[in-house]
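Colleague: Okay, sequence plus prediction incoming.
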Amino acid sequence: MKELKNLKKRKDGYYAKTFSFEGKRYTVYAKTRKALEKKYIEKIDQLEQEVGYEVIDDDLSEIYTRCKRGKDGRYQRTFTYNKRRYYVRATSLSELNKKFKEKKEEIIFKKKNIENPKIGDFFEKWQDNRSGYVKEATLRSQRCHFNTISDVKIDGKKFKDYRLSEIRADDIREIQKALLKRKNSTRTINDKIFFLSHIFHDAIREQYITYNPCCAVRPLKNTEIAARETIHRALTTEETRRFFDKAQNSTYFNVYKFAILTGMRIGEIGALKFCDIYNNEIHIERTLTRATNGSYFVGTETKTFHGRRVIPLNDAIKEVLYSQREKNKAFNNVDDDRVFKAPRGGLLMATPIDREISKICEETGIEHFGTHAFRDTFATRAIESGVEPRTLQELLGHADYAITMNLYVHVTNPTLQSAMNRINIGF
């Protein structure tokens with residue numbers, strides 16, 4: 001057994017040996033070299049018990065009694081980590097030291113990745129685990145959210161490269177600030193932080209972490225115009241008349257009429273088939289869905305559970321359906337039972353329809369609106385016509401009564417005036 005190297009004798013006559021482990025320096029003292037060697041090994045044994053694997057440094061291979069040499073002349077070290085034994089073999093002690101350190105680092109790295117993965121790695125696993133029981137459109141939307149957040153740098157390091165346990169509430173606030181600088185709306189930022197909170201919540205459920213850093217972060221105050229004033233805008237009766245007078249020659253004229261007569265979502269209209277119309281009713285069974293790669297297809301279910309519903313036909317709706325059936329005869333694909341198609345026979349998409357609506361709005365001087373406004377207009381006219389709110393909720397396919405009344409129903413000034421005229425106080 002060789003003696004320890006790099007020993008220093010202090011002024012007080014004691015020998016000292018200093019070594020590093022896991023980024024921390026340790027020093028042992030003794031009056032003699034032999035006593036120092038004994039204390040040194042005792043300290044190593046103590047560290048081994050604390051961390052769960054054997055410790056080695058440049059001197060330890062020269063004095064460590066558990067380092068054996070086999071019949072083939074190679075040196076061998078064994079150590080235990082998490083109740084599993086590992087073996088390292090080499091032709092020389094210096095090579096054995098090197099291999100031992102590499103093996104130790106490899107095991108620790110794997111342990112960190114398993115017990116405390118990077119956020120980017122956890123997100124990929126999280127997505128894979130949810131695939132199959134979460135809609136593809138939802139998975140794609142969540143990936144878009146993550147992609148806009150993952151590259152945000154916090155203290156010079158990308159968010160996705162941090163480990164789950166490293167993120168604190170202040171880091172989430174840094175993400176809020178970064179997204180504001182990118183001109184994201186406050187509503188969009190709040191949605192993204194809520195999505196992050198979902199990830200951390202699931203990480204807690206799987207016992208990776210014990211604390212959700214998003215819980216301590218307050219949502220940003222919304223500064224944008226309310227949705228009911230923009231995308232959820234109902235047309236006035238005058239706007240409706242002017243729009244449909246101008247839109248008669250539009251490729252999408254039947255789509256406009258069908259949307260405002262039924263209150264159906266554009267995705268539901270695009271996925272509607274003639275076989276869904278029977279017993280004098282429209283049976284809404286599916287909607288257009290977006291895959292994780294961004295492409296669209298006719299899905300097998302509705303947007304929500306309550307979206308599966310029945311809408312009775314009236315004469316105006318029947319007239320539109322008859323007109324559209326005649327129009328579809330121009331398409332050669334007789335096997336395609338879809339009611340409404342794109343001009344060239346493809347899927348009916350909202351974007352080109354919105355472009356056509358914008359052109360008509362410019363020509364008529366009507367305030368701009370999108371396809372969803374037809375749904376809001378249907379809801380508003382229904383309430384004005386005396387339809388019970390609970391019935392309207394069923395027709396729109398809403399799970400929440402409040403959404404129907406607060407977001408979709410718009411009370412116009414003439415309706416308010418009529419209501420005031422009907423009030424009799426009794427004087």
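Modeller: Yep, that arrived.
Colleague: from here on, contacts and neighbour counts on C-alpha atoms
Modeller: OK.
Colleague: Please enumerate residues in contact with stretch 187-197?
Modeller: Applying CA atoms under 8 Å, 6 or more residues apart in numbering, the external contacts of stretch 187-197 come out as 142, 145-146, 172, 176, 179-180, 212-215, 219-220, 222, 224.
Colleague: can you rerun that using 7 Å?
Modeller: Residues outside stretch 187-197 that contact it (CA atoms under 7 Å, 6 or more residues apart in numbering): 145, 176, 179, 212, 214, 219-220, 222.
Colleague: tell me which element the residue nearest the centre of the chain is part of?
Modeller: Closest residue to the average C-alpha location of the chain: Gln142 at 2.5 Å, with CA atoms, centre = their mean. Assigned by DSSP states H and E, Gln142 belongs to helix 136-150.
Colleague: Can you name the element that comes right after that helix?
Modeller: strand 153-154.
Colleague: Who does whichever helix or strand comes after that next one pair with, and is each partner parallel or antiparallel?
Modeller: Following strand 153-154 in sequence order, the next helix or strand is strand 157-158 (DSSP H and E). Here strand 157-158 is paired, per DSSP bridges, with strand 153-154 (antiparallel).
Colleague: now Gly132: how far from Leu139?
Modeller: 10 Å (CA to CA, to the nearest Å).
Colleague: For the stretch 101-250 of the chain, which residues score under the pLDDT cut-off?
Modeller: The model of the stretch 101-250 of the chain has pLDDT under 70 over residues 107-114, 224-232.
Colleague: That should have said the stretch 251-400 of the chain, apologies.
Modeller: Low-confidence segments of the stretch 251-400 of the chain (pLDDT under 70): 292, 306, 331-335, 399-400.
Colleague: All the helices of it, residue numbers only.
Modeller: For the stretch 251-400 of the chain, the helices defined by DSSP state H, counting those that start in this stretch occupy 253-262, 266-271, 315-328, 350-364, 372-384, 389-396.
Colleague: domains for the protein, by residue range?
Modeller: Using automatic domain parsing, the domain parsing of the chain gives 8-115, 119-224, 229-422.
Colleague: that older thread, looking at Gly132 and Leu139, which one has more neighbours?
Modeller: Neighbours per residue (other CA atoms under 10 Å) separate Gly132 from Leu139, with Leu139 holding more: 19 against 9.
Colleague: Give me the phi and psi for Arg130.
Modeller: Per-residue torsions, Arg130: phi -90, psi -20 (degrees, to the nearest 10).
Colleague: what about it, how many neighbours?
Modeller: 12.
Colleague: Buried residues in the helix or strand hosting Arg242, which are they?
Modeller: Secondary structure from DSSP H and E places Arg242 in helix 237-246. Across helix 237-246, burial judged by 16 or more other CA atoms under 10 Å covers 239, 242-243.
Colleague: what's the distance between stretch 260-274 and the middle of its chain?
Modeller: 28 Å (CA atoms, centre = their mean, to the nearest Å).
Colleague: if we can go back for a sec, can I get the CA coordinates of the helix holding Arg242 in CSV?
Modeller: The C-alpha coordinates for helix 237-246 follow below in CSV (Å, rounded to 0.1, in the frame of the first residue of the first chain):
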residue,chain,number,x,y,z
THR,A,237,-81.3,43.6,-37.5
GLU,A,238,-80.2,46.4,-39.9
GLU,A,239,-76.7,45.0,-40.2
THR,A,240,-78.1,41.5,-40.9
ARG,A,241,-80.4,42.8,-43.7
ARG,A,242,-77.6,44.8,-45.3
PHE,A,243,-75.1,42.0,-45.1
PHE,A,244,-77.3,39.3,-46.6
ASP,A,245,-78.5,41.7,-49.4
LYS,A,246,-74.9,42.1,-50.4
